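*Asks:* Let me see the structure of the following:
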Amino acid sequence: MNWSATGAVLLALAVILGAFGAHGLQNRLDDYSRGVYEKAVFYHFLHSMGILVVAVLARTGTFPQQATDVVCWCLLAGIVLFSGSLYALALTGNRALGMVTPFGGLVFIVGWLLLAWRLRRVI
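*Replies:* Alright, predicted model coming up:
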């Protein structure tokens, strides 16, 4: 997978969803839902940047491609599960969707810890 391109596309999507939330949903979400949506955008953006950074490490030869794939898949899965569930919760008001969010957080943590584990050997 081309993780550099994936990270860039995810960053563009984070900006689009952030703008949509700020402008398109401005009068449609209550304060709680707006906060949830903003949290989804923040974590989406942060972890998309993470994918881009890890991809650049691989392209410089600093980090092995196989480890890059594992870390980036974890970050991507985290974005889908964590941010995706928060987007859905904010838009639908269905708080049961919040039960998915911790799984996304766990996958984020696993991805970052795998990155740290592999970097301790490389740098």
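
*Asks:* In this protein, where is pLDDT below threshold?
*Replies:* Applying pLDDT under 70 to the chain picks out residues 121-123.

*Asks:* what does stretch 21-36 contact?
*Replies:* For stretch 21-36, the surrounding residues in contact (Cβ atoms under 8 Å, 6 or more residues apart in numbering) are Tyr37, Glu38, Val41, Leu86, Leu89, Ala90, Leu91, Gly93. Glycine gets a C-beta too; all of them are placed from N, C-alpha and C.

*Asks:* Return the distance of it from the chain's centre.
*Replies:* Remark: stretch 21-36 is offset 20 Å from the chain centroid, using Cα atoms, centre = their mean, to the nearest Å.

*Asks:* burial count for the nearest residue to Val110 once chain neighbours are set aside?
*Replies:* Counting by Cβ to Cβ, 6 or more residues apart in numbering, Cys74 is the residue found nearest to Val110 once chain neighbours are left out, at 5.3 Å. Counted with other Cβ atoms under 10 Å, residues neighbouring Cys74 total 24.

*Asks:* how about Leu13, what does it touch?
*Replies:* So Leu13 contacts His44, Ser48 (Cβ under 8 Å, 6+ apart).

*Asks:* Please produce a markdown table containing the contacts of stretch 21-36, extended by secondary structure.
*Replies:* Listed next are the contacts of stretch 21-36 as a markdown table, based on DSSP: H, G, I helix; E, B strand; the rest coil:
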| residue | secondary structure |
| --- | --- |
| Tyr37 | helix |
| Glu38 | helix |
| Val41 | helix |
| Leu86 | helix |
| Leu89 | helix |
| Ala90 | helix |
| Leu91 | helix |
| Gly93 | coil |
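
*Asks:* Understood, closing this out.
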